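Visitor: Provided below for reference: sequence and predicted model.
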Amino acid sequence: MAAPKYKIQVRNQFGGWQQYQTVHHLPSAARTAQTRATQSGKQYRIVDEDRKLMDLFYP
């Protein structure tokens with residue numbers, strides 16, 4: 001069984017979501033997304049392979 005993949009996505013100026021990074025470890029993904037959201041002032045989210053929302057981060 002393969003490890004699940006989580007995609008970190010960032011909201012662009014048009015309201016869409018762009019791919020930022022793919023990781024296998026959810027706590028690492030959450031830490032990265034929270035840090036990037038705080039530093040950049042943009043929204044970040046984590047979705048799984050089935051495109052289900054795992055977490056949403058605000059600046």
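Guide: Okay, I see it. Please read these numbers as outputs of a predicted model, since none were measured by experiment.
Visitor: C-alpha from now on. contacts and neighbour counts both.
Guide: Fine.
Visitor: State the distance from the closest residue to Arg45 other than its chain neighbours to Gln9.
Guide: Nearest residue to Arg45, sequence neighbours excluded (C-alpha to C-alpha, 6 or more residues apart in numbering): Leu56, at 4.3 Å. As judged by C-alpha to C-alpha, to the nearest Å, Leu56 and Gln9 stand 10 Å apart.
Visitor: now swap in Gln18 and tell me
Guide: To Gln9, Gln18 is 5 Å away according to C-alpha to C-alpha.
Visitor: So between those two, which is more surrounded?
Guide: Gln9 (20 against 13; other C-alpha atoms under 10 Å).
Visitor: Show me what the more buried one is bridged to.
Guide: Gln19, Arg45 (DSSP bridges).
Visitor: Help me confirm that it comes into contact with Asp48.
Guide: No. Counting by C-alpha atoms under 8 Å, Gln9 does not reach Asp48; the two are 10.8 Å apart.
Visitor: Pull up the overlap in contacts between Leu56 and Gln9.
Guide: Jointly contacting Leu56 and Gln9 under the rule C-alpha atoms under 8 Å, 6 or more residues apart in numbering are 44-46.
Visitor: Now do the contacts for the most centrally placed residue in the chain.
Guide: Closest to where the C-alpha atoms of the chain average out (C-alpha atoms, centre = their mean) is Ile8, at 2.4 Å. By C-alpha under 8 Å, 6+ apart, Ile8 lies in contact with 19-23, 29, 33, 44-47.
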